[in-house]
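S.K.: quick one, what's the 3D model for this:
(one chain, ligands or ions: 1)
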Amino acid sequence: LWTPGNIIEDSIAKVRDQVGSDAVLLGLSGGVDSSVVAALLHRAIGSQLTCVFVDNGLLRLGEGDQVMSTFARHMGVRVIRVDAEDRFLGRLKGVTDPEQKRKIIGNTFIEVFDDEASKLANVQWLAQGTIYPDVIESAGAKSGKATVIKSHHNVGGLPEEMNLKLVEPLRELFKDEVRKIGVELGLPSEMVYRHPFPGPGLGVRILGEVHKEDAITLRKADHIFIEELRRADLYDQVSQAFAVFLPIRSVGVVGDNRQYAHVIALRAVETLDFMTARWAHLPYDFLDLVCRRIVNEVPGVSRVVYDITGKPPGTIEWE
Ligand code: XMP
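M.R.: So this is what the prediction gives:
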């Protein structure tokens with residue numbers, strides 16, 4: 001019988017059997033999959049687990065603190081937080097090409113993670129939040145069946161170079177199953193039912209070159225959008241929603257002043273598989289409210305637009 005409780009017990013037994021008394025390392029991103037792995041492994045092997053959380057400077061507002069408070073403070077998981085903002089933003093300086101940005105962010109992550117791993121003595125296992133669809137997708141990519149439109153860096157790379165054995169307790173599960181397990185393990189439902197967030201983070205939502213000030217601006221705008229979606233009970237009705245920073249300026253009047261400032265685009269989509277999507281038909285009054293708040297509360301933004309492009313032809317992310 002498939003129940004979250006059974007799956008958890010089964011996985012715990014398997015993991016214990018697999019790793020014995022060895023130490024296990026996990027890259028915790030704060031996303032659903034790695035969060036569920038952290039909670040599951042913590043229950044299975046307690047202090048044998050060490051998580052590394054890399055703050056790449058491209059996360060959403062308060063995200064790093066949230067991860068630390070959920071896992072380290074509340075659950076007692078050992079989490080090493082690495083503040084690598086300068087390293088990431090330094091590498092991204094002058095880079096405008098989206099694929100190049102993705103590669104740099106992916107490679108820098110591996111470097112930072114590797115550095116941390118090498119400081120930990122005696123780790124034999126690397127845990128990963130690989131789920132069944134990732135297994136299928138990467139098999140397709142390897143055999144050349146899938147057309148790579150955007151490179152994703154969720155699967156692959158790490159273990160070969162690090163000489164670690166892999167433990168992947170979610171490998172046979174679908175996303176909805178992973179979520180149910182997460183809830184059963186006591187993770188907050190806002191975390192478990194969060195919209196997907198790309199590995200390169202705000203790096204692909206700040207168009208062109210990434211500047212620190214623009215990340216700060218985007219974080220504030222995005223936070224307002226998400227906060228209002230939750231408040232209006234619309235968050236769970238859309239599959240993914242976020243703000244995008246456009247590095248162009250437009251004229252607006254904010255308060256009594258004429259402002260030549262940046263543009264924020266809002267994107268919200270409805271989809272089942274993220275392969276195709278329709279733009280969410282959010283109520284005009286709602287969009288109006290979000291726009292007013294962003295222009296009033298976020299310095300350096302004078303205009304807000306709403307993206308009404310489906311996928312195809314548009315992708316969900318802007319880069
Ligand atoms: P697109 O933009 O290709 O996005 O329509 C489809 C889904 O994938 C997410 N996405 C990414 N996730 N690394 C990730 O981990 C990436 O580089 C990346 N690019 C897109 C996107 O947020 C959406 O959910």
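S.K.: just checking, what packs against whichever helix in the chain runs longest?
M.R.: Identified as the longest helix of the chain according to DSSP state H is helix 98-119. Applying 3 or more C-beta pairs under 8 Å, 6 or more residues apart in numbering; DSSP states H and E, we find helix 98-119 packed against strand 49-55, strand 78-83, helix 85-92, helix 158-162. For the C-beta atoms, the positions are set from N, CA and C on the backbone; glycine is no exception.
S.K.: got the buried residues for the second one?
M.R.: Within strand 78-83, the residues that qualify as buried by neighbour count (16 or more other C-beta atoms under 10 Å) are 79, 81, 82.
S.K.: close to the ligand, is the longest helix of the chain?
M.R.: Yes - contact between helix 98-119 and the ligand, assessed by C-beta under 6 Å from any ligand atom, occurs at residue 102.
S.K.: need the CA coordinates for that helix. PDB is fine.
M.R.: The C-alpha coordinates for helix 98-119 follow below in PDB (Å, rounded to 0.1, in the frame of the first residue of the first chain):
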ATOM      1  CA  PRO A  98      22.000  33.700 -21.000                       C
ATOM      2  CA  GLU A  99      23.600  30.300 -21.700                       C
ATOM      3  CA  GLN A 100      27.000  31.600 -20.600                       C
ATOM      4  CA  LYS A 101      25.400  33.000 -17.400                       C
ATOM      5  CA  ARG A 102      23.900  29.600 -16.700                       C
ATOM      6  CA  LYS A 103      27.200  27.800 -17.300                       C
ATOM      7  CA  ILE A 104      29.100  30.200 -15.000                       C
ATOM      8  CA  ILE A 105      26.600  29.900 -12.200                       C
ATOM      9  CA  GLY A 106      26.600  26.100 -12.500                       C
ATOM     10  CA  ASN A 107      30.300  25.900 -12.600                       C
ATOM     11  CA  THR A 108      30.800  28.300  -9.700                       C
ATOM     12  CA  PHE A 109      28.300  26.300  -7.700                       C
ATOM     13  CA  ILE A 110      30.300  23.200  -8.200                       C
ATOM     14  CA  GLU A 111      33.500  25.000  -7.200                       C
ATOM     15  CA  VAL A 112      32.100  26.400  -4.100                       C
ATOM     16  CA  PHE A 113      30.500  23.200  -3.100                       C
ATOM     17  CA  ASP A 114      33.700  21.300  -3.800                       C
ATOM     18  CA  ASP A 115      35.700  23.700  -1.600                       C
ATOM     19  CA  GLU A 116      33.300  23.100   1.300                       C
ATOM     20  CA  ALA A 117      33.200  19.300   0.700                       C
ATOM     21  CA  SER A 118      37.000  19.200   0.800                       C
ATOM     22  CA  LYS A 119      37.000  20.800   4.200                       C
END
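S.K.: ok and that helix relative to strand 78-83, angle-wise?
M.R.: 130 degrees (axes from the mean of the first three to the mean of the last three C-alpha atoms, to 10 degrees).
S.K.: how about helix 98-119: buried residues?
M.R.: For helix 98-119, burial by neighbour count (16+ other C-beta under 10 Å) applies to 98, 101-102, 104-106, 108-110, 112-113, 116-117.
S.K.: ok, the closest residue to residue 307 other than its chain neighbours - contacts?
M.R.: The shortest distance from residue 307 to any non-neighbouring residue, by C-beta to C-beta, 6 or more residues apart in numbering, is to residue 267 (4.5 Å). Contact analysis of residue 267 by C-beta atoms under 8 Å, 6 or more residues apart in numbering lists 240, 241, 242, 243, 244, 279, 307, 316, 318.
S.K.: quick one, which of these are buried?
M.R.: 240, 241, 242, 243, 244, 279, 307, 316, 318.
S.K.: just checking, next helix/strand downstream of the longest helix of the chain?
M.R.: strand 123-127 (DSSP states H and E).
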